[in-house]
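Colleague: fold the following and give me the result.
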Amino acid sequence: MSKELLLVGDKVLIEPDEGEKTESGLYLPQNVREKEKVQTGKIVQAGPGYPVYDPALLEDEPWSTSTSKKKYFPLQAKTGDYCIFLRDQAIEITFNKKTYMVASQSAILVLMRDSGNSEINSMEP
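Modeller: Okay, the predicted model is just below:
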């Protein structure tokens with residue numbers, strides 16, 4: 001039986017970078033980087049977004065079952081983006097013997113994505 005991770009709300013699943021290469025070409029191990037306030041990684045999966053309340057539900061009778069679909073305000077972070085995030089606001093998890101970080105979108109400082117798919121590039125002066 002296979003299992004999958006389902007992210008809730010504004011959470012993103014990040015595959016953190018393993019080590020960092022210094023200017024001299026040496027790789028710094030993860031435990032040295034744990035003291036850093038920020039970390040980098042690739043977004044593997046993003047949650048549905050912020051739930052949005054539907055005011056039309058106020059018109060429904062309390063005993064009737066709602067047929068409206070849940071609505072979400074989408075996240076800016078997308079699968080495949082590379083990000084810089086606040087390390088102390090993320091939680092480390094292990095799933096299928098692989099380490100990931102789970103963080104809220106508000107913990108992400110910068111997103112980097114290919115220019116072909118980027119909405120960020122449209123903000124350039």
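Colleague: state whether residue 56 is indeed within a strand.
Modeller: No: under DSSP: H, G, I helix; E, B strand; the rest coil, residue 56 falls outside any strand and is assigned helix.
Colleague: and it, what's its pLDDT?
Modeller: Listed pLDDT for residue 56 reads 71.
Colleague: for it, the count of nearby residues, please.
Modeller: Residue 56 sits with 9 neighbouring residues when counted by other Cβ atoms under 10 Å. (C-beta placed from N, C-alpha, C; glycine too.)
Colleague: likewise for residue 45?
Modeller: Residue 45 - counted by other Cβ under 10 Å - has 18 other residues nearby.
Colleague: pretty sure it is in a strand, no?
Modeller: Yes: assigned with three-state DSSP, residue 45 falls within a strand.
Colleague: any idea how far residue 102 is from the closest residue to it other than its chain neighbours?
Modeller: Leaving aside its sequence neighbours, residue 45 sits nearest to residue 13 (Cβ to Cβ, 6 or more residues apart in numbering; 4.3 Å). Using Cβ to Cβ, to the nearest Å, residue 13 is found at 6 Å from residue 102.
Colleague: got any residues that touch both of these two?
Modeller: residue 7 (Cβ atoms under 8 Å, 6 or more residues apart in numbering).
Colleague: please enumerate the helices of the protein.
Modeller: Assigned by DSSP state H, the helices in the chain fall at 30-33.
Colleague: contacting residues for the residue nearest to residue 45?
Modeller: Contacts of residue 13 (Cβ under 8 Å, 6+ apart): 5, 7, 43, 44, 45, 46, 100, 101, 102.
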